[in-house]
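Colleague: Quick one: sequence and predicted model below, then my questions.
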Amino acid sequence: MSKIIFSLCIAFFCISCGSESVEPTPIPPETTYFPPLSGTTWETKTIATLGWKQAAVQPLLDYLALKNSKGFIILVDGKIVLENYFNGHTATTNWYWASAGKTLTATMTGIAAQEGLIGINNKVSDYLGTGWTNMPLAKENLITNKHLLSMTSGIEDITNGDAVDPASLTYKADAGTRWAYHNVYVKLQDVIAQASGQNWSAYFNTKLKDKIGMDGAWFQSGNNSVYGSTTRSMARFGLLLLNKGKWETNTILNETFFNTATNSSQNINLGYGYLWWLNGKSSYHLPQSQLQFNGSLISNGPNDMFMALGKNDQKIYVVPSKKLVVIRMGDAADNVNLALSDFDEILWTKISALYQ
């Protein structure tokens, strides 16, 4: 009997050892994919692989077509899940970013700061000299680079419109005491050019565009310095920010500045960072308004989403919790010029239907 018991124990031990040895090895999380800096190669990921709903794809595409879209991309983990073009637009057609391009200037400001060329809290007049506005000198000297990044310069935003010549930059309030959407942020491009000893486009190309494989160029449109590129180049920029300023293992923008830029930059408009719009905050302001609205900017969008929003519905949506970047280029969805409208709400209803 003892021999039988001993044999059974040996057999049980061997079975136990065998079962442990064949336990599956945990699958590590998928690392973020980055497309090559040149060429058209860009890896894809299917709706089926993600476990998303194929039936929700066509209603989304129909809505985009109906709403005057030209280019649309969804990335997950850096890979293309959807890429669609409408109304004669193609993968090689350039389109303007409008105010979505403000975030390019914010990113370049962070790069210039990490290189020691500028200080975020330094006065703008340290770089541009006094008299860059039509304000009393004591008031002008209150304005820092941070105030331009956070739209709290105190410069009059209604009377002179978006003009940025010195005569048009007049006093409304002390810097830091009032949030108002104004084109004066473009003065940061002059600050960077002065500090770097290069023209704005050259510094931008060297420090950002070429390092992540973007195409496109800056051009002047009225008082605005506007960027134009393909939809994929806009997606490349969104991917950089999804990865907190790193492209593969290369730090383009340091994470400290990234975190500051994508969180509330002041306590007046909680829905605004450094030229980025922020979802999921308890309140927000809109351009050309001093009213405070309670709740999230896009109520049915992810709470951790941060956004670049431009005239005629140029969009970059970045959602870290879902490793998601969404790009929309095109004409105004509803024949209005607002950067934010009910188009965002309906669009996110249709996007979230893919994965909910």
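Modeller: Ah, there it is.
Colleague: The residue nearest to Lys246 when sequence neighbours are not counted: neighbouring residues, count only.
Modeller: Spatial nearest neighbour of Lys246, chain neighbours left out: Ile252 (6.7 Å); criterion: C-beta to C-beta, 6 or more residues apart in numbering. Just so you know, the C-beta spots here come from the backbone N, C-alpha and C atoms, and that holds for glycine as well. Residues lying near Ile252 (other C-beta atoms under 10 Å) number 20.
Colleague: now Gly116
Modeller: Count around Gly116 with other C-beta under 10 Å applied: 8.
Colleague: Okay, it and Ser283: tell me how far apart.
Modeller: Per C-beta to C-beta, to the nearest Å, Gly116 is found 36 Å from Ser283.
Colleague: swap in Ser296?
Modeller: Distance from Ser296 to Ser283, counting by C-beta to C-beta: 9 Å.
Colleague: Of these two, which one has the most company?
Modeller: Counted by other C-beta under 10 Å, Ser296 and Ser283 do not tie: Ser296 has more neighbours, with 19 against 14.
Colleague: Which of the three states applies to that one?
Modeller: coil (DSSP: H, G, I helix; E, B strand; the rest coil).
Colleague: That one: what's it in contact with?
Modeller: Counting by C-beta atoms under 8 Å, 6 or more residues apart in numbering, Ser296 makes contact with Asn279, Gly280, Lys281, Tyr284, Asn303.
Colleague: Low-confidence ranges, the chain, go.
Modeller: The chain contains residues with pLDDT under 70 at 1-29, 336-340.
Colleague: What segments of it are strands?
Modeller: 69-76, 79-85, 95-96, 217-221, 224-229, 246-247, 250-251, 277-278, 283-284, 293-294, 306-310, 314-319, 324-330 (DSSP state E).
Colleague: so which of these gets nearest Ser125?
Modeller: strand 224-229 (20.4 Å; C-beta to C-beta).
Colleague: Does that closest one pack against any helices or strands, and if so which?
Modeller: If you count contacts as 3 or more C-beta pairs under 8 Å, 6 or more residues apart in numbering; DSSP states H and E, strand 224-229 packs onto strand 95-96, strand 217-221.
Colleague: okay, now Ser168: neighbour count?
Modeller: As a burial measure, Ser168 scores 18 neighbours (other C-beta under 10 Å).
Colleague: how close does it get to Ile158?
Modeller: Distance from Ser168 to Ile158, by C-beta to C-beta: 12 Å.
Colleague: Kindly report the same for Tyr317.
Modeller: Distance of Tyr317 to Ile158, computed by C-beta to C-beta: 29 Å.
Colleague: more crowded one of these two?
Modeller: Of the pair Tyr317 and Ile158, Tyr317 is the one with more neighbours under other C-beta under 10 Å, namely 25 against 9.
Colleague: Can you tell me the closest non-neighbouring residue to the more buried one?
Modeller: Closest residue to Tyr317 apart from its sequence neighbours, by C-beta to C-beta, 6+ apart: Val326 at 4.2 Å.
Colleague: That neighbour: neighbour count?
Modeller: 25.
Colleague: cool, Gly88 as well?
Modeller: Residues lying near Gly88 (other C-beta under 10 Å) number 7.
Colleague: ditto for the one 5 residues further on
Modeller: Per other C-beta under 10 Å, the neighbour tally for Thr93 reads 15.
Colleague: Double-check it against Lys70; I have them as touching.
Modeller: Yes - using C-beta atoms under 8 Å, Thr93 is in contact with Lys70, at 7.4 Å.
Colleague: any shared contact partners between these two?
Modeller: Contacts common to Thr93 and Lys70, judged by C-beta under 8 Å, 6+ apart, are Tyr85.
Colleague: on that earlier part again, which entries within the contacts of Ser296 meet the buried criterion?
Modeller: Asn279, Gly280, Lys281, Tyr284 (16 or more other C-beta atoms under 10 Å).
Colleague: mind saving the C-alpha coords of stretch 48-67 as CSV?
Modeller: Provided in CSV are the C-alpha atoms of stretch 48-67 (Å, rounded to 0.1, in the frame of the first residue of the first chain):
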residue,chain,number,x,y,z
ALA,A,48,-12.1,43.3,-36.0
THR,A,49,-8.7,43.0,-34.2
LEU,A,50,-9.7,45.8,-31.9
GLY,A,51,-13.1,44.1,-31.2
TRP,A,52,-14.8,47.3,-32.4
LYS,A,53,-18.2,47.3,-34.1
GLN,A,54,-18.0,47.1,-37.9
ALA,A,55,-21.7,48.1,-38.2
ALA,A,56,-20.8,51.5,-36.7
VAL,A,57,-18.2,52.4,-39.4
GLN,A,58,-20.5,53.3,-42.2
PRO,A,59,-22.8,55.6,-40.2
LEU,A,60,-19.6,57.5,-39.1
LEU,A,61,-18.3,57.8,-42.7
ASP,A,62,-21.7,58.9,-44.0
TYR,A,63,-21.9,61.6,-41.3
LEU,A,64,-18.4,62.8,-42.2
ALA,A,65,-19.2,63.0,-45.9
LEU,A,66,-22.5,64.8,-45.2
LYS,A,67,-20.6,67.4,-43.0
